[in-house]
Structures are given as C-alpha cells and as structure tokens.
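Enquirer: Test case, fold it:
(one chain, ligands or ions: 3)
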Amino acid sequence: MSKILLLGSGELGKEFVIAAQRIGQTVIAVDSYENAPAMQVAHGFEVINMLDGEALDKIVAKHKPDFIVPEIEAIRTERFYDYEKQGITVVPSAKAANFTMNRKAIRDLASKELGLKTANYRYATSSEELQNAVKEVGIPCVVKPLMSSSGKGQSTIKTPDDIERAWNYAVDGSRGDVVEVIVEAFIKFNSEITLLTITQNNNPTLFCAPIGHRQERGDYQESWQPARISDKDLFEAQDMAEKVTEALGGAGLFGVEFFLADDGVYFSELSPRPHDTGMVTLAGTQNFNEFELHLRAILSLPIFEITLEKFGASAVILASENSSNPSYEGLENIAGLAKTDFRIFGKPTTRPYRRMGVALTSDTLETNIEEVVERAKEAAKLVSVKY
Ligand SMILES: Nc1ncnc2c1ncn2[C@@H]1O[C@H](COP(=O)(O)OP(=O)(O)OP(=O)(O)O)[C@@H](O)[C@H]1O
Ligand SMILES: NCC(=O)N[C@@H]1O[C@H](COP(=O)([O-])[O-])[C@@H](O)[C@H]1O
Ligand SMILES: [Mg+2]
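Expert: Numbers count the residues shown, from 1 in each chain. Ligands and ions are numbered 1, 2, ... in the order given. You can find the predicted model right below:
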C-alpha cells in the first residue's frame, strides 16, 4: 500500500482522501490550519506553512511518502524537483505543479512554446507598467496576480480610470512573494468549460465529457456535465489539452479550462489536480468521479474507459460572514428533494463567499441540462449557514 502526502486539505482533498481510503491507501493531510476538511478523514495530519520550503522538507523527511499530491497552488513547488530526485512521485509531476503555481510559466508554455490560442496578454510589475500593458492589450481587459486562485485579486478594467485600482487590488490579493500581474484581453466568450483530462502511465490519455460552468468574482457558482459544445470545438479543446498535459508530464487528472467564443476555442489555464467545477462528478455523472480518476491514474491502476452515466449539476453553498464553528440549517429540506444530494465540507471557520458546501443534482441522459442546473441552484438555496 502507498503512503500519500496530500498538500492542501480543502473540499477537493477531502473527497480524494475518501477515494484513497476506500482502496486501502494511507494519507497524511497537510494544510495551514487545523481541522481542515481532508484532515478529518485522513490517517494523520500536519499543520505547516506550505510556502516555507524548510517546513516542507521536514514533513517529507518525517513521513517518507511514496507520493506527494498537491491540492492547492500556494506551495513552495520549487522543492518538488528535489523530492522527485529523491525517488518520490510528485503528482502529476514536479514541473506540472511548479509551472501552474505561477500564471506566467504556464501561459508562456501554452502560448509561446506550444502555440495554443490564448487571450492576448502582457505582464506588469508596477502600476506604470500596467498602464502601458493595458494600452497594448486594449480595454476591456482582465488583471490577475501571477500567484492567486479562485479569482483572488482579479478585476476587469473597463476604463483607463480603473487601472490604478486594478493594480492595487491585484497586489492585495496576491499570495506569495511575487509582485507582478498578468493583464489579458477580455474574451467575449459564449460559454466556458473545464475539460477533465487524465494522463496515465501506461495507457492513453482520456477525457471526461466537458463540464460547463458559470463564474462570479472569478469563482465558480454552478457547474454542469455535459456542457453544450460543437464537435469541432470539442476536438480543438481536446487537442490543446493533450498538448499541454503532455508538456507538463506525469500521470493524473488535470482540469483544463477553455473559453468558447465566436472565433473559436481559447485555452485559459489548468489545474494539475481535481477541479472545483469537477465536483459535479460527485452527482454520479460518470462511472468514476474526478477524485477516483486522479487516484487511479496516480497509482497506475488502468482506467479502461470513462462513461457518462447521467446528466448532473452542482451549485455552491457559500458563507456570508466571518465566524467559527458554523452550523447548517435546511438539510432536511435539501435531503427531501428527488435526484439531489449535497456535501457540507466541515470547514471550521467562515468568511464572506467562502465555499462551505455544494448541492448536487442529476437526471437521465435524455433530460434538459438547463433544468438540472436550475434544480441545483434551488437546492443550494435551501441550505443556510448559521453563525
Ligand atoms: N481573459 C478573460 N476574459 C474573460 N473572462 C475571463 C478572462 N480571464 C478570466 N476570466 C473569467 O474569470 C474566471 C476566473 O479566471 P481564472 O480561471 O484565470 O482565475 P483563477 O483565480 O485561476 O480561478 P481558479 O483558481 O478558481 O480556476 C474565468 O473562469 C472567467 O470566467
Ligand atoms: N479553485 C481552487 C479550489 O477550489 N480549491 C479548493 O478550495 C480549497 C480552499 O478553500 P478555502 O479557501 O475555503 O480554504 C482548496 O483546499 C481546494 O480544495
Ligand atoms: Mg480558473
């Protein structure tokens, strides 16, 4: 049996640990705070600042894992190359985790090296540089810290007056030690998708049915599977996903994000790990959910095929205040709905917009996907967080 060191212990990690427990693997869950969701179901836990390389080295030496599975981006990923040299498998690879931690590395790889179509972009290290960069990409445009996730520090510039504010907001929302932003032309997309892509050690790359999603404040609100997409756009997205995951290397599940616009498919970014929008697979849409697929690929257990079993949707349950030890009301109401399920992540504290749970709905393959999404939104509203 393998020992897995899970770096990051949120809701995605929790489902991954449950999948690992079910097939007898040992998991040590790590995060920066105690009682994080994945710690509640793991064999052991560690609380450290994962951006601190020495602290990371210490727990790697202590636990001697077979696998290191990053669950968030904010990790001192430069250390991963060393761990690989020590014979530990970093998932999906040290390069994948290191390149996706910083938007610059992954964007330059995708756009310049692999020639994938992306929004026109520039970088800036000061508000003056941002002024020039905005002139080059044009207004409207989107500014993001090089190191952030879930929309933190992200804003849209609609007039030149927004530039200063966008710079300050990005610097405030930036994690890590890098004071630099990316500014991207605003893509007027018709929809956006996540293409879950699974690379395997001894078997071909597989794709899940595309997942549609809607974002607010740079964070996902609802996701559904399958997304509506033309065959042409889907093949294009699959081709780009195959190229970028191959360049990053290793085995595991990736969430590859695309914008679908009138002028074709744009690559946006990717997670070298289960994706938040992929929680829709917890609704039983596939023969294996995204966490089981990640685990199987990591352990080199062959995945023969991925089948779409049902239509499904997920809608987030958010907090609106700062507090600790939250409780939940309305569980009997959501539980009373047909073809509906839910997860409460068990996060020990709340803050405005923090994701605390998710509502999951499904129906047969012949249904109207919009109706499944509508039911998920209504179901999520039945649960309220009490502070
Ligand atoms: N260039 C763009 N044009 C239009 N919309 C954009 C652009 N870049 C980002 N967005 C919108 O903002 C959302 C979040 O952006 P992005 O995925 O880059 O942020 P993130 O912080 O990495 O989020 P996460 O970590 O949750 O994936 C996108 O899904 C999309 O809805
Ligand atoms: N888009 C990335 C994403 O969804 N990551 C998921 O959210 C957790 C952090 O949540 P928190 O900020 O509520 O602690 C992470 O640990 C991961 O599970
Ligand atoms: Mg994203």
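Enquirer: Need the three-state assignment for the single nearest residue of the stretch 101-250 of the chain relative to ligand 1.
Expert: The nearest approach of the stretch 101-250 of the chain to ligand 1 comes at residue 149, 3.3 Å away (Cβ to the nearest ligand atom). (Each C-beta comes from the backbone N, C-alpha and C, glycine too.) Three-state call for residue 149 (DSSP: H, G, I helix; E, B strand; the rest coil): coil.
Enquirer: In contact with it, which residues?
Expert: Taking Cβ atoms under 8 Å, 6 or more residues apart in numbering, we find residue 149 in contact with 72, 73, 74.
Enquirer: Let's see that with 6 Å instead.
Expert: residue 73 (Cβ atoms under 6 Å, 6 or more residues apart in numbering).
Enquirer: And residue 179, by the same measure?
Expert: Taking Cβ under 6 Å, 6+ apart, we find residue 179 in contact with residue 171.
Enquirer: is it true that it lies in a strand?
Expert: No. Counting by three-state DSSP, one finds residue 179 to be coil, located in no strand.
Enquirer: Quick check on it: phi, psi?
Expert: Backbone dihedrals for residue 179, given as degrees, to the nearest 10, come out at phi -100, psi 80.
Enquirer: For it, give its distance to residue 167.
Expert: Computed as Cβ to Cβ, to the nearest Å, the residue 179 to residue 167 distance reads 10 Å.
Enquirer: Which parts of the stretch 251-387 of the chain are strands?
Expert: 252-261, 264-271, 311-318, 323-324, 327-329, 340-344, 349-350, 355-363, 384-386 (DSSP state E, counting those that start in this stretch).
Enquirer: Flag every residue of this structure that's near ligand 2.
Expert: 8, 10-13, 71-72, 149-150, 276, 347, 354-355 (Cβ under 6 Å from any ligand atom).
Enquirer: and these, which are buried?
Expert: 8, 10-13, 71-72, 149-150, 276, 347, 354-355 (16 or more other Cβ atoms under 10 Å).
Enquirer: now the helices for the stretch 201-350 of the chain?
Expert: With DSSP state H, counting those that start in this stretch as the criterion, the stretch 201-350 of the chain has helices at 231-248, 290-298, 331-335.
Enquirer: winner for burial among these?
Expert: Most buried of the helices of the stretch 201-350 of the chain by mean neighbour count (mean count of other Cβ atoms under 10 Å) is helix 290-298; its value is a mean of 26.
Enquirer: Could you chop the protein up by domain?
Expert: For the chain, automatic domain parsing gives the domain ranges 3-90, 120-185, 191-386.
Enquirer: ok, the residue of the stretch 101-250 of the chain found nearest ligand 2 - contacts?
Expert: Closest to ligand 2 within the stretch 101-250 of the chain is residue 150: 4.3 Å, counting by Cβ to the nearest ligand atom. By Cβ under 6 Å, 6+ apart, the contact list for residue 150 reads residue 219.
Enquirer: next one: residue 251
Expert: Applying Cβ under 6 Å, 6+ apart, we find residue 251 in contact with 92, 199, 200, 201, 297.
Enquirer: coming back round to it: can I get the residues of the chain next to ligand 2 in JSON lines with pLDDT?
Expert: Conversion of these to JSON lines gives the following (pLDDT from 0 to 100):
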{"residue": "8", "pLDDT": "98"}
{"residue": "10", "pLDDT": "98"}
{"residue": "11", "pLDDT": "98"}
{"residue": "12", "pLDDT": "98"}
{"residue": "13", "pLDDT": "99"}
{"residue": "71", "pLDDT": "98"}
{"residue": "72", "pLDDT": "96"}
{"residue": "149", "pLDDT": "87"}
{"residue": "150", "pLDDT": "86"}
{"residue": "276", "pLDDT": "98"}
{"residue": "347", "pLDDT": "98"}
{"residue": "354", "pLDDT": "97"}
{"residue": "355", "pLDDT": "98"}
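Enquirer: I'd like those as CSV, with distance to residue 220 appended.
Expert: CSV is the format used below for these (distance: Cβ to Cβ, whole Å):
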residue, distance to residue 220
8, 17
10, 14
11, 12
12, 12
13, 17
71, 17
72, 16
149, 11
150, 8
276, 5
347, 17
354, 13
355, 9
